[in-house]
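Undergrad: Build the 3D model from these lines:
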Amino acid sequence: MPINIPKLLPAREILEQENIFVMDDERATRQDIRPLNILILNLMPEKEKAETQLLRLLGNSPLQVNVKFLTTNSYEATNTSKQHLEQFYTSFSQVKNQKFDGMIITGAPIELLEFEQVKYWQELMEIMEWTQTNVTSTLHICWGAQAALFYHFDIGKFELSRKCSGVYAHQTFEKNDFLLHGFDDYFYAPHSRYTDVSIDEIHANPNLKLLAASEEAGALLIASRDRKQVMITGHLEYESDSLAQEYERDLDKGLEIHMPENYFPNNDPTRPPINRWRAHGHLFFSNWLNYYVYQETPFNWD
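TA: Predicted coordinates:
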């Protein structure tokens, strides 16, 4: 089944070229089906890139998915045109009285700030509180995952001695959990962050399950036992060259940054990186949509 997105969204052309089935509202209304309604709070600076990455994975599902994008009122994005935001995004005040089957809260390159220093932290707390009653399951990515662990489970973050950047092998635990259906015992995932969370604190919390972790990169995948909160500290949605673009950006800024680990062939940044996480990225999003959202959400929220 297709993913339902606005006809003029720039990501649409890219997805259609990749043979991902997309449709618009006009066609969706002719299908006699109860679609899943997914809200995406996109906190990434390059919003159009994040849109394409997430829609690519949400569209690889037998379920019809309606997507709505959300932006913050308390902080105005500077790397995305105002026209794009006005055309394709909505504000929390416009959706707070609605129910959603699933929600995604993305990361943001602000992990070195204390949570309370983030300009939209108060608004984000209100949104995260709202998800507990108005969203069946919420997926939090990277900094969004750390924010959720802090707000919902009182688990803070700590600064690393150097940036965790690269592609790392992760071991799966709790192998009967629905999120891990079809996963290999070990799988690869990209990370890109300056902070981390404590695995010991995750294990000590009776409301959480650690589903996957890496000896090098730490906890990757954490879920609440009621399936309402899913936290992933890495980026299974990343494209093959996403880490390369970040590495070049940081070099251009004059930052003291190391090359992404386990990423470029023979550590040669002139060679294109090999994608080793694409299949598990699709599988993870498909499992979340099916088992944590579709199988749990009421047919009629009222």
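Undergrad: So which other helices or strands are in contact with the strand or helix carrying Ala147?
TA: Taking DSSP states H and E as the definition, Ala147 sits inside helix 143-153. When contacts are defined as 3 or more Cβ pairs under 8 Å, 6 or more residues apart in numbering; DSSP states H and E, helix 143-153 packs onto strand 100-105, helix 121-134, strand 135-141, strand 157-172, strand 186-197, strand 218-224, strand 229-232. For every residue, glycine as well, the C-beta is placed using N, CA and C.
Undergrad: and the angle from it to strand 218-224?
TA: 50 degrees (axes from the mean of the first three to the mean of the last three Cα atoms, to 10 degrees).
Undergrad: buried stuff in stretch 120-133?
TA: Across stretch 120-133, burial judged by 16 or more other Cβ atoms under 10 Å covers 120-121, 123-124, 127-128, 130-131.
Undergrad: and whatever helix or strand Thr90 lives in, how far out from the chain's middle?
TA: Applying DSSP H and E as the criterion places Thr90 in strand 89-91. Here strand 89-91 is found 18 Å from its chain centre; the criterion is Cα atoms, centre = their mean, to the nearest Å.
Undergrad: I'd like to know which elements it is packed against.
TA: Partner elements for strand 89-91 (3+ Cβ pairs under 8 Å, 6+ apart): strand 65-71.
Undergrad: Provide the contact partners of the strand it packs on at residue level.
TA: Counting by Cβ atoms under 8 Å, 6 or more residues apart in numbering, strand 65-71 makes contact with 1-5, 28, 35-42, 51, 55, 58-59, 77, 85, 88-92, 95, 100, 127, 289, all of which sit outside it.
Undergrad: tell me the contacts of Trp301?
TA: Listed by Cβ under 8 Å, 6+ apart, the contact partners of Trp301 are Lys99.
Undergrad: Cross the contacts of strand 65-71 against strands and list the overlap.
TA: 3-4, 36-41, 89-91, 100 (DSSP state E).
Undergrad: Name only those of these that count as buried.
TA: In the ones in strands among the contacts of strand 65-71, burial by neighbour count holds for 3-4, 36-41, 89, 100, counting by 16+ other Cβ under 10 Å.
Undergrad: Need the max-distance pair from these.
TA: Pairwise distances among these were taken by Cβ to Cβ; the largest, 19.5 Å, belongs to Leu36 and Tyr89.
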